[in-house]
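**Q** structure here, sequence nowhere to be found:
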(Lines give C-alpha, C1' and ligand atoms only; values in the text may rest on other atoms or scores of the structure.)
Protein backbone atom coordinates (compact mmCIF):
# COMPACT_ATOMS: atom_id res chain seq x y z
CA UNK A 1 0.00 0.00 0.00
CA UNK A 2 1.73 3.15 -1.21
CA UNK A 3 -1.32 5.32 -0.57
CA UNK A 4 -4.13 4.84 1.94
CA UNK A 5 -7.39 5.55 0.15
CA UNK A 6 -10.30 7.13 1.95
CA UNK A 7 -13.92 7.15 0.88
CA UNK A 8 -15.15 10.75 0.44
CA UNK A 9 -17.59 10.24 3.35
CA UNK A 10 -14.76 9.20 5.66
CA UNK A 11 -13.05 12.57 5.71
CA UNK A 12 -14.48 15.51 7.68
CA UNK A 13 -14.26 19.13 6.59
CA UNK A 14 -11.36 19.69 9.05
CA UNK A 15 -9.33 16.90 7.40
CA UNK A 16 -9.92 14.35 10.15
CA UNK A 17 -10.59 10.78 9.04
CA UNK A 18 -11.24 7.60 10.94
CA UNK A 19 -10.44 4.31 9.23
CA UNK A 20 -11.06 0.78 10.44
CA UNK A 21 -10.45 -2.81 9.39
CA UNK A 22 -7.90 -3.85 6.73
CA UNK A 23 -6.43 -0.40 6.21
CA UNK A 24 -5.98 0.35 9.92
CA UNK A 25 -4.32 -3.03 10.48
CA UNK A 26 -2.04 -2.49 7.48
CA UNK A 27 -0.85 0.92 8.73
CA UNK A 28 -0.09 -0.45 12.21
CA UNK A 29 1.31 -3.87 11.40
CA UNK A 30 2.85 -3.65 7.93
CA UNK A 31 3.81 0.02 7.66
CA UNK A 32 4.42 0.06 11.46
CA UNK A 33 3.22 3.61 11.87
CA UNK A 34 2.44 5.04 15.29
CA UNK A 35 0.98 8.30 16.59
CA UNK A 36 2.94 11.22 15.14
CA UNK A 37 4.09 9.36 12.01
CA UNK A 38 2.98 10.45 8.56
CA UNK A 39 1.55 8.34 5.76
CA UNK A 40 0.44 9.05 2.21
CA UNK A 41 -3.31 9.33 1.77
CA UNK A 42 -5.81 10.10 -0.95
CA UNK A 43 -9.55 10.41 -1.36
CA UNK A 44 -11.22 8.19 -3.93
CA UNK A 45 -12.09 10.40 -6.87
CA UNK A 46 -10.19 13.34 -5.41
CA UNK A 47 -6.85 14.67 -4.25
CA UNK A 48 -3.94 13.04 -2.47
CA UNK A 49 -1.44 14.17 0.13
CA UNK A 50 -0.20 13.10 3.54
CA UNK A 51 -1.73 12.48 6.94
CA UNK A 52 -0.48 12.42 10.48
CA UNK A 53 -1.54 9.50 12.62
CA UNK A 54 -3.25 11.10 15.62
CA UNK A 55 -4.71 8.01 17.27
CA UNK A 56 -4.40 4.25 16.86
CA UNK A 57 -6.23 1.34 18.41
CA UNK A 58 -6.82 -2.25 17.34
CA UNK A 59 -8.29 -2.00 13.82
CA UNK A 60 -8.95 1.72 14.22
CA UNK A 61 -6.94 4.71 13.14
CA UNK A 62 -7.54 8.46 13.24
CA UNK A 63 -5.73 10.61 10.70
CA UNK A 64 -5.26 14.35 10.18
CA UNK A 65 -5.09 14.74 6.41
CA UNK A 66 -3.60 17.43 4.18
CA UNK A 67 -4.68 16.81 0.62
CA UNK A 68 -2.49 19.14 -1.40
CA UNK A 69 -1.69 17.16 -4.53
CA UNK A 70 -3.26 15.75 -7.67
CA UNK A 71 -3.27 12.08 -8.64
CA UNK A 72 -0.77 10.97 -11.30
CA UNK A 73 -1.76 11.46 -14.95
CA UNK A 74 -4.00 8.74 -16.40
CA UNK A 75 -3.05 6.30 -19.15
CA UNK A 76 -4.36 7.18 -22.59
CA UNK A 77 -5.19 3.52 -23.12
CA UNK A 78 -8.62 1.94 -22.70
CA UNK A 79 -8.41 -1.81 -22.19
CA UNK A 80 -10.91 -4.34 -23.50
CA UNK A 81 -10.25 -7.72 -21.96
CA UNK A 82 -11.80 -11.06 -22.81
CA UNK A 83 -13.20 -12.13 -19.44
CA UNK A 84 -10.51 -14.24 -17.77
CA UNK A 85 -11.11 -16.88 -15.14
CA UNK A 86 -11.97 -15.33 -11.78
CA UNK A 87 -8.58 -15.49 -9.97
CA UNK A 88 -6.89 -13.99 -13.02
CA UNK A 89 -9.60 -11.32 -13.31
CA UNK A 90 -8.92 -10.23 -9.72
CA UNK A 91 -5.17 -9.86 -10.31
CA UNK A 92 -5.59 -8.19 -13.70
CA UNK A 93 -8.01 -5.60 -12.33
CA UNK A 94 -5.35 -4.64 -9.78
CA UNK A 95 -2.65 -4.45 -12.45
CA UNK A 96 -4.80 -2.39 -14.82
CA UNK A 97 -5.83 0.07 -12.12
CA UNK A 98 -2.20 0.34 -11.00
CA UNK A 99 -1.14 1.07 -14.57
CA UNK A 100 -3.41 4.10 -14.69
CA UNK A 101 -6.03 2.79 -17.12
CA UNK A 102 -9.33 4.59 -16.52
CA UNK A 103 -11.69 2.61 -18.72
CA UNK A 104 -11.94 -1.17 -18.80
CA UNK A 105 -14.32 -3.30 -20.84
CA UNK A 106 -14.78 -6.96 -19.91
CA UNK A 107 -15.90 -8.63 -23.11
CA UNK A 108 -17.10 -11.97 -24.41
CA UNK A 109 -15.00 -14.13 -26.72
CA UNK A 110 -15.46 -17.64 -28.12
CA UNK A 111 -12.85 -19.11 -25.77
CA UNK A 112 -14.23 -17.46 -22.62
CA UNK A 113 -15.77 -20.19 -20.47
CA UNK A 114 -19.47 -19.35 -20.04
CA UNK A 115 -19.28 -20.14 -16.32
CA UNK A 116 -17.03 -17.15 -15.71
CA UNK A 117 -19.97 -14.79 -16.23
CA UNK A 118 -21.60 -16.15 -13.08
CA UNK A 119 -18.56 -15.61 -10.88
CA UNK A 120 -18.82 -13.52 -7.69
CA UNK A 121 -15.61 -11.81 -8.92
CA UNK A 122 -17.85 -9.84 -11.32
CA UNK A 123 -19.96 -8.30 -8.55
CA UNK A 124 -19.62 -4.52 -8.46
CA UNK A 125 -18.16 -4.41 -4.95
CA UNK A 126 -15.67 -7.19 -5.74
CA UNK A 127 -14.46 -5.35 -8.82
CA UNK A 128 -14.24 -2.09 -6.92
CA UNK A 129 -12.23 -3.78 -4.16
CA UNK A 130 -9.60 -5.02 -6.62
CA UNK A 131 -9.42 -1.63 -8.33
CA UNK A 132 -8.86 0.09 -4.98
CA UNK A 133 -5.95 -2.28 -4.24
CA UNK A 134 -4.40 -1.32 -7.58
CA UNK A 135 -4.85 2.40 -6.88
CA UNK A 136 -3.29 1.97 -3.42
CA UNK A 137 -0.27 0.33 -5.05
CA UNK A 138 0.10 3.06 -7.67
CA UNK A 139 -0.64 6.08 -5.48
CA UNK A 140 -3.68 6.97 -7.55
CA UNK A 141 -7.17 8.09 -6.50
CA UNK A 142 -9.27 7.85 -9.66
CA UNK A 143 -11.23 4.62 -10.05
CA UNK A 144 -11.45 3.15 -13.56
CA UNK A 145 -14.89 2.73 -15.10
CA UNK A 146 -15.68 -0.91 -15.83
CA UNK A 147 -18.18 -1.95 -18.50
CA UNK A 148 -19.33 -5.50 -19.20
CA UNK A 149 -20.15 -6.68 -22.74
CA UNK A 150 -21.50 -10.21 -22.79
CA UNK A 151 -21.66 -10.41 -26.59
CA UNK A 152 -18.57 -10.02 -28.73
CA UNK A 153 -20.11 -9.06 -32.05
CA UNK A 154 -22.24 -6.13 -30.83
CA UNK A 155 -19.26 -4.84 -28.85
CA UNK A 156 -17.11 -4.82 -31.98
CA UNK A 157 -19.73 -3.69 -34.49
CA UNK A 158 -21.44 -1.08 -32.31
CA UNK A 159 -18.80 0.18 -29.87
CA UNK A 160 -15.47 -0.38 -31.58
CA UNK A 161 -16.47 0.44 -35.13
CA UNK A 162 -17.73 3.86 -34.03
CA UNK A 163 -14.63 4.71 -32.00
CA UNK A 164 -12.98 6.24 -35.03
CA UNK A 165 -11.10 8.85 -33.01
CA UNK A 166 -9.28 6.08 -31.14
CA UNK A 167 -6.32 4.06 -32.27
CA UNK A 168 -7.63 0.51 -32.06
CA UNK A 169 -5.32 -2.48 -31.59
CA UNK A 170 -5.70 -6.08 -30.48
CA UNK A 171 -2.98 -8.39 -29.19
CA UNK A 172 -2.53 -11.38 -31.48
CA UNK A 173 0.23 -13.98 -31.47
CA UNK A 174 2.33 -13.70 -34.61
CA UNK A 175 1.26 -10.16 -35.54
CA UNK A 176 3.89 -7.44 -36.18
CA UNK A 177 5.43 -6.14 -32.93
CA UNK A 178 3.25 -3.76 -30.95
CA UNK A 179 4.42 -0.19 -31.60
CA UNK A 180 5.90 1.83 -28.76
CA UNK A 181 4.70 5.10 -27.29
CA UNK A 182 1.80 5.67 -29.67
CA UNK A 183 0.17 9.06 -29.70
CA UNK A 184 -3.40 9.87 -28.82
CA UNK A 185 -6.10 7.84 -27.13
CA UNK A 186 -6.01 4.13 -27.84
CA UNK A 187 -8.17 1.12 -27.16
CA UNK A 188 -6.30 -2.16 -26.77
CA UNK A 189 -7.94 -5.58 -26.75
CA UNK A 190 -6.49 -8.64 -25.04
CA UNK A 191 -8.00 -12.02 -25.85
CA UNK A 192 -8.52 -15.08 -23.71
CA UNK A 193 -5.92 -17.68 -22.81
CA UNK A 194 -5.93 -19.72 -26.01
CA UNK A 195 -6.33 -16.63 -28.17
CA UNK A 196 -8.98 -15.28 -30.48
CA UNK A 197 -10.76 -17.54 -32.95
CA UNK A 198 -10.41 -16.70 -36.69
CA UNK A 199 -13.91 -15.20 -36.90
CA UNK A 200 -13.04 -12.76 -34.13
CA UNK A 201 -9.76 -11.74 -35.78
CA UNK A 202 -11.56 -11.08 -39.05
CA UNK A 203 -14.32 -9.07 -37.36
CA UNK A 204 -11.80 -6.98 -35.41
CA UNK A 205 -9.81 -6.16 -38.54
CA UNK A 206 -12.99 -5.36 -40.48
CA UNK A 207 -13.94 -2.90 -37.75
CA UNK A 208 -10.77 -0.86 -37.70
CA UNK A 209 -8.60 -2.83 -35.25
CA UNK A 210 -4.98 -3.58 -36.05
CA UNK A 211 -3.31 -6.78 -34.80
CA UNK A 212 -0.19 -6.21 -32.71
CA UNK A 213 2.24 -8.85 -31.48
CA UNK A 214 3.97 -9.31 -28.13
CA UNK A 215 6.69 -11.73 -29.21
CA UNK A 216 6.81 -15.32 -30.35
CA UNK A 217 5.40 -16.77 -27.14
CA UNK A 218 1.83 -17.10 -25.89
CA UNK A 219 1.73 -15.09 -22.67
CA UNK A 220 -0.49 -15.31 -19.63
CA UNK A 221 -3.19 -12.67 -19.51
CA UNK A 222 -1.48 -10.68 -16.71
CA UNK A 223 1.80 -10.67 -18.60
CA UNK A 224 0.15 -9.72 -21.90
CA UNK A 225 -1.77 -6.84 -20.30
CA UNK A 226 1.31 -5.40 -18.58
CA UNK A 227 3.46 -5.84 -21.69
CA UNK A 228 0.88 -4.26 -23.99
CA UNK A 229 0.28 -1.27 -21.73
CA UNK A 230 4.03 -0.71 -21.32
CA UNK A 231 4.61 -0.81 -25.07
CA UNK A 232 1.75 1.52 -25.98
CA UNK A 233 2.92 4.20 -23.56
CA UNK A 234 3.94 4.79 -19.96
CA UNK A 235 1.57 7.17 -18.18
CA UNK B 1 0.03 -25.58 -20.63
CA UNK B 2 0.80 -24.84 -24.27
CA UNK B 3 3.62 -27.40 -24.45
CA UNK B 4 4.07 -30.59 -22.44
CA UNK B 5 7.71 -30.71 -21.36
CA UNK B 6 9.54 -34.02 -21.04
CA UNK B 7 12.72 -34.68 -19.16
CA UNK B 8 15.39 -36.00 -21.54
CA UNK B 9 15.38 -39.33 -19.68
CA UNK B 10 11.64 -39.73 -20.23
CA UNK B 11 11.82 -40.10 -23.99
CA UNK B 12 13.06 -43.32 -25.58
CA UNK B 13 15.06 -43.47 -28.82
CA UNK B 14 11.89 -44.45 -30.74
CA UNK B 15 10.12 -41.29 -29.54
CA UNK B 16 7.94 -43.04 -26.96
CA UNK B 17 7.49 -41.26 -23.66
CA UNK B 18 5.56 -42.13 -20.55
CA UNK B 19 4.46 -39.30 -18.29
CA UNK B 20 2.73 -39.45 -14.93
CA UNK B 21 1.33 -37.14 -12.27
CA UNK B 22 0.47 -33.47 -12.88
CA UNK B 23 1.17 -33.51 -16.60
CA UNK B 24 -0.84 -36.65 -17.31
CA UNK B 25 -3.80 -35.32 -15.34
CA UNK B 26 -3.59 -31.97 -17.16
CA UNK B 27 -3.67 -33.61 -20.60
CA UNK B 28 -6.66 -35.77 -19.71
CA UNK B 29 -8.72 -33.38 -17.62
CA UNK B 30 -7.87 -29.86 -18.77
CA UNK B 31 -6.83 -30.39 -22.39
CA UNK B 32 -9.30 -33.33 -22.59
CA UNK B 33 -7.11 -35.34 -24.92
CA UNK B 34 -7.78 -39.01 -25.57
CA UNK B 35 -6.03 -41.80 -27.46
CA UNK B 36 -5.38 -40.68 -31.04
CA UNK B 37 -5.32 -36.94 -30.22
CA UNK B 38 -2.17 -34.86 -30.70
CA UNK B 39 -0.55 -32.44 -28.27
CA UNK B 40 2.46 -30.15 -28.42
CA UNK B 41 5.53 -31.53 -26.66
CA UNK B 42 9.15 -30.55 -26.07
CA UNK B 43 12.21 -31.96 -24.35
CA UNK B 44 13.83 -29.79 -21.69
CA UNK B 45 17.00 -28.40 -23.20
CA UNK B 46 16.11 -29.76 -26.63
CA UNK B 47 13.63 -29.70 -29.50
CA UNK B 48 9.88 -29.41 -29.61
CA UNK B 49 7.16 -30.87 -31.81
CA UNK B 50 3.97 -32.86 -31.42
CA UNK B 51 2.97 -36.18 -29.92
CA UNK B 52 0.13 -38.61 -30.41
CA UNK B 53 -1.53 -39.92 -27.29
CA UNK B 54 -1.22 -43.72 -27.59
CA UNK B 55 -2.40 -44.72 -24.13
CA UNK B 56 -4.04 -43.05 -21.15
CA UNK B 57 -4.80 -44.23 -17.65
CA UNK B 58 -5.34 -42.44 -14.34
CA UNK B 59 -2.30 -40.19 -13.91
CA UNK B 60 -0.42 -42.01 -16.68
CA UNK B 61 0.01 -41.17 -20.34
CA UNK B 62 2.01 -42.74 -23.17
CA UNK B 63 3.02 -40.50 -26.06
CA UNK B 64 4.58 -41.06 -29.48
CA UNK B 65 6.66 -37.94 -30.07
CA UNK B 66 7.94 -36.26 -33.22
CA UNK B 67 10.37 -33.53 -32.26
CA UNK B 68 10.90 -31.64 -35.50
CA UNK B 69 11.16 -28.00 -34.38
CA UNK B 70 13.37 -25.62 -32.49
CA UNK B 71 12.30 -23.62 -29.44
CA UNK B 72 11.46 -19.93 -29.96
CA UNK B 73 14.35 -17.44 -29.99
CA UNK B 74 15.57 -16.32 -26.55
CA UNK B 75 15.31 -12.83 -25.12
CA UNK B 76 18.48 -10.76 -25.29
CA UNK B 77 17.79 -9.51 -21.80
CA UNK B 78 19.34 -10.85 -18.61
CA UNK B 79 17.29 -9.99 -15.55
CA UNK B 80 18.70 -9.15 -12.12
CA UNK B 81 15.93 -9.08 -9.57
CA UNK B 82 16.06 -7.98 -5.95
CA UNK B 83 14.80 -11.09 -4.16
CA UNK B 84 11.02 -10.64 -3.76
CA UNK B 85 8.91 -12.28 -1.09
CA UNK B 86 8.38 -15.97 -1.81
CA UNK B 87 4.91 -15.98 -3.41
CA UNK B 88 5.96 -13.15 -5.72
CA UNK B 89 9.23 -14.94 -6.51
CA UNK B 90 7.30 -18.01 -7.65
CA UNK B 91 5.08 -16.01 -9.99
CA UNK B 92 7.92 -13.86 -11.32
CA UNK B 93 10.04 -16.90 -12.15
CA UNK B 94 7.18 -18.20 -14.27
CA UNK B 95 6.74 -14.84 -16.01
CA UNK B 96 10.46 -14.44 -16.68
CA UNK B 97 10.83 -17.96 -18.08
CA UNK B 98 7.73 -17.40 -20.21
CA UNK B 99 9.19 -14.17 -21.56
CA UNK B 100 12.23 -16.04 -22.90
CA UNK B 101 14.84 -14.69 -20.47
CA UNK B 102 17.69 -17.22 -20.20
CA UNK B 103 19.72 -15.75 -17.36
CA UNK B 104 18.30 -14.58 -14.04
CA UNK B 105 20.20 -13.22 -11.05
CA UNK B 106 18.44 -13.02 -7.69
CA UNK B 107 20.24 -10.28 -5.81
CA UNK B 108 20.36 -8.63 -2.41
CA UNK B 109 19.13 -5.09 -1.80
CA UNK B 110 18.68 -3.00 1.33
CA UNK B 111 14.90 -3.36 1.26
CA UNK B 112 14.93 -7.14 0.77
CA UNK B 113 13.71 -8.75 3.98
CA UNK B 114 16.51 -11.01 5.25
CA UNK B 115 14.04 -13.79 6.01
CA UNK B 116 13.38 -14.29 2.28
CA UNK B 117 16.81 -15.89 1.85
CA UNK B 118 15.72 -18.81 4.01
CA UNK B 119 12.56 -19.50 2.00
CA UNK B 120 11.94 -22.96 0.52
CA UNK B 121 11.02 -21.09 -2.70
CA UNK B 122 14.78 -20.67 -3.27
CA UNK B 123 15.49 -24.41 -3.31
CA UNK B 124 16.84 -25.55 -6.68
CA UNK B 125 13.95 -27.92 -7.39
CA UNK B 126 11.37 -25.27 -6.41
CA UNK B 127 12.94 -22.73 -8.75
CA UNK B 128 13.17 -25.29 -11.53
CA UNK B 129 9.52 -26.20 -11.05
CA UNK B 130 8.40 -22.60 -11.55
CA UNK B 131 10.64 -22.14 -14.57
CA UNK B 132 9.19 -25.29 -16.17
CA UNK B 133 5.66 -23.90 -15.71
CA UNK B 134 6.77 -20.72 -17.49
CA UNK B 135 8.30 -22.69 -20.36
CA UNK B 136 5.14 -24.79 -20.68
CA UNK B 137 3.12 -21.58 -20.99
CA UNK B 138 5.43 -20.08 -23.61
CA UNK B 139 6.11 -23.21 -25.66
CA UNK B 140 9.81 -23.07 -24.87
CA UNK B 141 12.23 -25.84 -23.88
CA UNK B 142 15.38 -24.02 -22.69
CA UNK B 143 15.59 -23.49 -18.93
CA UNK B 144 17.01 -20.16 -17.73
CA UNK B 145 20.12 -20.23 -15.59
CA UNK B 146 19.52 -18.79 -12.13
CA UNK B 147 22.32 -17.29 -10.02
CA UNK B 148 21.98 -16.06 -6.44
CA UNK B 149 23.97 -13.06 -5.15
CA UNK B 150 23.47 -12.50 -1.45
CA UNK B 151 25.52 -9.30 -1.36
CA UNK B 152 24.59 -6.25 -3.44
CA UNK B 153 27.90 -4.43 -3.58
CA UNK B 154 30.06 -7.32 -4.84
CA UNK B 155 27.40 -8.11 -7.43
CA UNK B 156 27.53 -4.55 -8.76
CA UNK B 157 31.27 -3.94 -8.42
CA UNK B 158 32.46 -7.35 -9.60
CA UNK B 159 29.80 -8.65 -11.97
CA UNK B 160 28.06 -5.59 -13.36
CA UNK B 161 31.06 -3.29 -13.67
CA UNK B 162 32.87 -5.86 -15.84
CA UNK B 163 29.90 -6.50 -18.12
CA UNK B 164 31.00 -3.70 -20.43
CA UNK B 165 29.66 -5.43 -23.54
CA UNK B 166 26.14 -5.33 -22.10
CA UNK B 167 23.74 -2.45 -22.05
CA UNK B 168 23.03 -2.06 -18.33
CA UNK B 169 19.82 -0.51 -17.04
CA UNK B 170 17.92 -0.46 -13.77
CA UNK B 171 14.27 0.37 -13.21
CA UNK B 172 13.86 3.45 -11.02
CA UNK B 173 10.74 5.49 -10.32
CA UNK B 174 11.04 8.95 -11.82
CA UNK B 175 13.85 8.13 -14.28
CA UNK B 176 13.46 8.95 -17.99
CA UNK B 177 11.17 6.47 -19.78
CA UNK B 178 12.72 3.08 -20.53
CA UNK B 179 13.76 3.00 -24.20
CA UNK B 180 12.04 0.61 -26.58
CA UNK B 181 13.54 -2.20 -28.63
CA UNK B 182 17.15 -1.63 -27.64
CA UNK B 183 19.84 -3.39 -29.65
CA UNK B 184 22.29 -5.95 -28.37
CA UNK B 185 22.47 -7.90 -25.13
CA UNK B 186 21.17 -6.08 -22.08
CA UNK B 187 21.07 -6.63 -18.36
CA UNK B 188 18.08 -5.09 -16.58
CA UNK B 189 17.76 -4.72 -12.82
CA UNK B 190 14.48 -4.56 -10.95
CA UNK B 191 14.53 -3.47 -7.32
CA UNK B 192 12.42 -4.52 -4.35
CA UNK B 193 8.91 -3.30 -3.52
CA UNK B 194 9.77 0.04 -1.95
CA UNK B 195 12.55 0.71 -4.43
CA UNK B 196 16.33 1.06 -4.24
CA UNK B 197 17.94 3.10 -1.47
CA UNK B 198 20.05 6.13 -2.53
CA UNK B 199 23.35 4.30 -1.93
CA UNK B 200 22.29 1.58 -4.34
CA UNK B 201 21.25 4.05 -7.04
CA UNK B 202 24.60 5.82 -6.77
CA UNK B 203 26.55 2.57 -6.89
CA UNK B 204 24.61 1.35 -9.92
CA UNK B 205 25.19 4.58 -11.82
CA UNK B 206 28.89 4.58 -10.87
CA UNK B 207 29.18 1.08 -12.31
CA UNK B 208 27.75 1.74 -15.73
CA UNK B 209 24.01 1.26 -15.13
CA UNK B 210 21.49 3.74 -16.47
CA UNK B 211 18.21 4.43 -14.64
CA UNK B 212 15.07 3.85 -16.69
CA UNK B 213 11.52 4.70 -15.72
CA UNK B 214 8.27 2.79 -16.14
CA UNK B 215 5.85 5.65 -15.61
CA UNK B 216 4.81 7.82 -12.70
CA UNK B 217 3.46 4.98 -10.58
CA UNK B 218 5.23 2.47 -8.33
CA UNK B 219 4.45 -0.93 -9.84
CA UNK B 220 4.30 -4.38 -8.33
CA UNK B 221 7.35 -6.51 -9.10
CA UNK B 222 5.51 -8.76 -11.57
CA UNK B 223 4.13 -5.74 -13.42
CA UNK B 224 7.52 -3.99 -13.48
CA UNK B 225 9.29 -7.09 -14.80
CA UNK B 226 6.76 -7.65 -17.59
CA UNK B 227 6.69 -3.95 -18.50
CA UNK B 228 10.48 -3.64 -18.55
CA UNK B 229 10.99 -6.78 -20.66
CA UNK B 230 8.31 -5.66 -23.12
CA UNK B 231 9.87 -2.21 -23.50
CA UNK B 232 13.43 -3.44 -23.97
CA UNK B 233 12.45 -5.84 -26.74
CA UNK B 234 10.03 -8.61 -27.64
CA UNK B 235 11.81 -11.91 -28.28
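**A** Received, thanks. Fair warning: this is a prediction, and the values are worked out from it, not measured in the lab.

**Q** so where do the helices sit in chain A?
**A** Counting by DSSP state H, chain A has these helices, from start to end: A:22-25, A:86-98, A:124-138, A:152-154, A:198-206, A:221-232.

**Q** out of the ones you listed, deepest packed?
**A** Across these, the average number of neighbours (mean count of other C-beta atoms under 10 Å in any protein chain shown) peaks for helix A:221-232, which reaches a mean of 26. Just so you know, the C-beta spots here come from the backbone N, C-alpha and C atoms, and that holds for glycine as well.

**Q** show residues contacting the helix or strand bottoming out on mean pLDDT in chain A.
**A** One helix or strand of chain A scores below all others by mean pLDDT, DSSP states H and E: helix A:22-25, with a mean of 91. With C-beta atoms under 8 Å, 6 or more residues apart in numbering or on different chains as the test, helix A:22-25 has contacts from A:1, A:4-5, A:56, A:59-61.

**Q** how about a cut-off of 10 Å?
**A** By C-beta atoms under 10 Å, 6 or more residues apart in numbering or on different chains, the residues outside helix A:22-25 that reach it are A:1, A:4-6, A:10, A:18-19, A:41, A:56-63, A:129, A:132-133, A:136.

**Q** residues contacting the most centrally placed residue in chain A?
**A** Chain A has residue A:97 as the residue nearest its centroid, 2.4 Å off, counting by C-alpha atoms, centre = their mean. Going by C-beta under 10 Å, 6+ apart, residue A:97 touches A:104, A:127-128, A:130-138, A:140, A:142-144, A:146, B:217.

**Q** again, but for residue A:149
**A** A:80, A:83, A:105-108, A:155-156, A:158-159.

**Q** and of those, the nearest to residue A:207?
**A** Nearest to residue A:207 among those is residue A:156, at 5.0 Å by C-beta to C-beta.

**Q** residues near the closest one, how many?
**A** 23 (other C-beta atoms under 10 Å in any protein chain shown).

**Q** what's the answer for residue A:102, then?
**A** 18.

**Q** how about residue A:187?
**A** Count around residue A:187 with other C-beta under 10 Å applied: 20.

**Q** and residue A:128, how far is that from chain B?
**A** 19 Å (C-beta to the nearest C-beta, to the nearest Å).

**Q** then residue A:177?
**A** Note on residue A:177: its distance to chain B, by C-beta to the nearest C-beta, is 5 Å.

**Q** ok, now residue A:143?
**A** 15 Å.

**Q** surely that residue meets residue A:44?
**A** Yes. Counting by C-beta atoms under 10 Å, residue A:44 is a contact partner of residue A:143 at 6.3 Å.

**Q** overlap in contacts of these two?
**A** In contact with both residue A:143 and residue A:44: A:5, A:128, A:131-132, A:135, using C-beta under 10 Å, 6+ apart.

**Q** rewinding a little: can you read off the pLDDT for the closest residue in space to the residue nearest to the centre of chain A that isn't next to it in sequence?
**A** Using C-beta to C-beta, 6 or more residues apart in numbering or on different chains and skipping the chain neighbours, the partner closest in space to residue A:97 is residue A:134 (2.8 Å). Predicted confidence (pLDDT) for residue A:134: 97.

**Q** do the same with residue A:77
**A** 97.

**Q** residues in contact with residue A:131?
**A** For residue A:131, counting by C-beta under 10 Å, 6+ apart, the contacting residues are A:44, A:93-94, A:96-98, A:101, A:104, A:140, A:142-146.

**Q** now tabulate these in TSV and tack on pLDDT.
**A** TSV is the format used below for the contacts of residue A:131 (pLDDT from 0 to 100):
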residue	pLDDT
A:44	97
A:93	98
A:94	97
A:96	98
A:97	98
A:98	97
A:101	98
A:104	98
A:140	98
A:142	98
A:143	98
A:144	98
A:145	98
A:146	98
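
**Q** return the member of these nearest to residue A:50.
**A** residue A:140 (15.6 Å).

**Q** quick check: that closest one vs chain B, distance?
**A** 7 Å.

**Q** that residue contacts residue A:48, doesn't it?
**A** Yes. The pair residue A:140 / residue A:48 is scored as a contact, 8.1 Å apart, by C-beta under 10 Å.

**Q** mutual contacts of these two, please.
**A** A:3, A:5, A:42, A:71-72.

**Q** go through those and name the one nearest residue A:112.
**A** Closest to residue A:112, out of all of the shared contacts of residue A:140 and residue A:48 and judged by C-beta to C-beta, is residue A:5, at 30.6 Å.
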